[in-house]
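Engineer: Provide a 3D model corresponding to the input given below.
(2 chains)
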Amino acid sequence: MPHAPLPGTALPLRVPRALGALLGLLLLGACVTTPAVPAAAPARVERLAAACNGCHGPGGRGSEAMPSLRARSPEWIATRLETWRSSATPDGRDHVMVRFARALSAEDVAELAEHYGRSGLNVPADTLGEGP
Amino acid sequence: MRLSRRRFLSGIAAGVGAGLAPALVEARGRAPGRRSAATARVLVIGGGFAGATAARYLARWAPEVDVTLVTAPGPYWTCPFSNTAVVGLRDTDSLEIDYRAFPSRTNLALLRGEVTDFDPVRRRAQLADGRAFEADRVILAPGIEMIEDAIEGYDAAARERFPHAWEAGPATGDLFQRLQAVPDGGLVVVTAPPNPYRCPPGPYERASLMAWWLQQHRPKARLVILDAKDRFTKDELFRAAWSERYPALAWLGQADGGTLRRIDSSAGTLHTDFDDWTPDLACVIPPQRAAGLARRAGLDGGLGWCPVNPTTFESTLYPGVHVIGDAAIANPMPKSAFAANSQGKACAAAIAALVSGVPAPEPVLLNTCYSLVAPDAGIAIAAAYAVVDGALTTVEGASGISPLDATAEIRALEAAHAHGWYRSVVTDAFG
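Structural biologist: Below is the predicted model:
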């Protein structure tokens, strides 16, 4: 039965792998003191923002009637989310965001406000909007 | 060999302390020839909303993981918004995903091929063209298949005569042709299947839009929904819209004898509990189950759908194999493209953690199902989900439907949001 490695991931020899591991160790040593160490799993705010992308598009840039979340002040984002989050009952203009905001904690609101508050208007093409 | 190398690298990470493992990832992520230092290989099978989303987000969130997405070689049309093509509001062509434009990443490869068999123990995918691939983890997003022997007489002739068009494509445009051939005074039937099935509001949105089209072009025609259920998603909103807009639309639930029992395709007759229907056009949407690839692999455990851990979407039957999208059991999440997109991200975040040796984070899981009851009137159901005591549950207070008494402006706004959502989610999943 033909059995190929995954495309683009072929490792023809063991030696380069060992070298790669050694290189990794060396670079590990170089990076231990680097302050901005990424988490193994994406941070909650990044996963929340990824959820926003489902309607608001990559990087929250908006699509047609779906508003952009970018280039807003942190206060603008926080005020809206907090208003919806604390909405005890539907106000007759109940909509999707009222429901979603109720699943957010106060800390989530603050982090999302900061996340989008740091974002600019433009999202690079072909990205998932990583970083503002 | 590969696994032992992974264990070796994990050992390094453990040796220097779990907190430093990300530095290893980061450093190697920037190194030239980083590929040769990948910590894990993940194969994603199925390039629909679930699989494409999972592949893209995993490649982004885990730069040290090599991700390969394998999707069928033929064209793919999105099911979302295909009901608008059934009534001529858009072309079927506009629903097609162009995988040639699929965004590339150094650690993400797209491969076109048909996976014919999957071995969940070896995590080995066999392709029709003879190639075979193994991976450290596999994400299966194979979608659904119709249960063709669930309704008596549902044979090839019945499928041709009463098309479901529940997997978008040429059948979608064909259905619009057939709708246009319905005479004034004619009868159109849509049958809705028992739960669970792909796109719970889909049959009712389709019936609504068909009723709208008939009202414009065949004002004496009638439309009947024959339903195997007594309740359905957003039923209050749909029924209110029907009584307000479409007097020629009737809905018969299970208690009304609406369940389709038998089909006589040569006579063109649909038999329900109490009645025989001989429509000018009928969409028979049959009962469904997880796609054959997942079931043949035993991932459904004989249930028809695949049980998964709701935090990681890892199969409860086969470690290292994750199932997302319509094929998975993720109640109370519906089998929707929105849910598939959301699960793809949750699964990607979980795998990014697991391959680094840390626990999967609490998943962020959302759903919205927009439906058009007319071209300029939308309704929605939305919910957020959380894992409580190991089970997926709807977050208290974080679910609901559009107001019953909304103004026309709000219905129009939700229709516009539906269009915006579609554009966004297609870009999010496919680039």
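
Engineer: low-confidence ranges in chain A?
Structural biologist: A:1-39, A:88-94, A:121-132 (pLDDT under 70).

Engineer: residues contacting B:Ser250?
Structural biologist: Quick fix: residue B:250 is Ala, not Ser. B:Ala250 makes contact with B:Arg222, B:Leu223, B:Val224, B:Ile225, according to C-beta atoms under 8 Å, 6 or more residues apart in numbering or on different chains. Heads up, the C-betas are built off the backbone N, CA and C, glycines and all.

Engineer: Please enumerate the helices of the stretch 101-250 of chain B.
Structural biologist: Here the stretch 101-250 of chain B has its helices, by DSSP state H, counting those that start in this stretch, at B:156-161, B:170-180, B:202-217, B:235-245.

Engineer: Out of those, which gets nearest to B:Ala40?
Structural biologist: The closest of the helices of the stretch 101-250 of chain B to B:Ala40 is helix B:202-217. By C-beta to C-beta, the value is 36.5 Å.

Engineer: Which other helices and strands does the closest one contact?
Structural biologist: Judged by 3 or more C-beta pairs under 8 Å, 6 or more residues apart in numbering or on different chains; DSSP states H and E, helix B:202-217 is in contact with helix B:82-86, helix B:170-180, strand B:187-192, strand B:222-227, helix B:235-245, strand B:249-252, strand B:365-374.

Engineer: ok now that helix, how far from the chain's centre?
Structural biologist: Chain-centre distance of helix B:202-217: 22 Å, with C-alpha atoms, centre = their mean, to the nearest Å.

Engineer: Kindly report the same for stretch B:268-275.
Structural biologist: On C-alpha atoms, centre = their mean, the centre of stretch B:268-275 falls 30 Å from that of its chain.

Engineer: buried residues in that stretch?
Structural biologist: Neighbour-count burial for stretch B:268-275 flags B:Leu270, B:His271, B:Thr272 (criterion: 16 or more other C-beta atoms under 10 Å in any protein chain shown).

Engineer: Make CSV from those residues and add distance to B:Ala109 and pLDDT to it.
Structural biologist: CSV is the format used below for these (distance: C-beta to C-beta, whole Å; pLDDT from 0 to 100):
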residue, distance to B:Ala109, pLDDT
B:Leu270, 47, 98
B:His271, 50, 98
B:Thr272, 50, 97
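
Engineer: From the residues you listed, pick the one nearest A:Ser87.
Structural biologist: B:Thr272 (43.8 Å).

Engineer: pretty sure the closest one is touching B:Leu260, no?
Structural biologist: Yes - B:Thr272 lies in contact with B:Leu260 (C-beta atoms under 8 Å); the separation is 5.9 Å.

Engineer: Overlap in contacts, these two.
Structural biologist: Taking C-beta under 8 Å, 6+ apart as the criterion, B:Thr272 and B:Leu260 both touch B:Leu226.

Engineer: starting at the chain centroid, how far to stretch B:147-162?
Structural biologist: Computed by C-alpha atoms, centre = their mean, the chain-centroid distance of stretch B:147-162 equals 22 Å.

Engineer: cool, stretch B:350-370 as well?
Structural biologist: Averaging C-alpha positions (C-alpha atoms, centre = their mean) puts stretch B:350-370 18 Å from its chain's average.

Engineer: Ok, stretch B:75-95 next?
Structural biologist: On C-alpha atoms, centre = their mean, the centre of stretch B:75-95 falls 15 Å from that of its chain.

Engineer: contact partners of that stretch?
Structural biologist: Contacts of stretch B:75-95 from elsewhere in the structure, counted by C-beta under 8 Å, 6+ apart, are B:47-49, B:96-97, B:99, B:165-170, B:172-173, B:175-176, B:179-180, B:198-199, B:202, B:205-206, B:209-210, B:212-213, B:337, B:372, B:375, B:422, B:425-426.

Engineer: Just name the shakiest helix or strand of chain B by mean pLDDT.
Structural biologist: Within chain B, no helix or strand scores below helix B:21-30, which has a mean of 28 by mean pLDDT, DSSP states H and E.

Engineer: who does the next helix or strand after that one touch, helix- and strand-wise?
Structural biologist: Using DSSP states H and E, the helix or strand that follows helix B:21-30 in sequence is strand B:40-45. When contacts are defined as 3+ C-beta pairs under 8 Å, 6+ apart, strand B:40-45 packs onto helix B:49-61, strand B:65-71, strand B:137-140.

Engineer: Could I get the average pLDDT for the first one?
Structural biologist: The one in question is helix B:49-61. The average pLDDT for helix B:49-61 rounds to 97.

Engineer: Now mean neighbour count and distance to B:Pro194 too, for the helices and strands packed on strand B:40-45, in JSON lines please.
Structural biologist: Shown next, in JSON lines, are the helices and strands packed on strand B:40-45 (neighbours: other C-beta atoms under 10 Å in any protein chain shown; distance: least, C-beta to C-beta, whole Å):
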{"stretch": "helix B:49-61", "mean neighbour count": "28", "distance to B:Pro194": "23"}
{"stretch": "strand B:65-71", "mean neighbour count": "26", "distance to B:Pro194": "29"}
{"stretch": "strand B:137-140", "mean neighbour count": "28", "distance to B:Pro194": "24"}
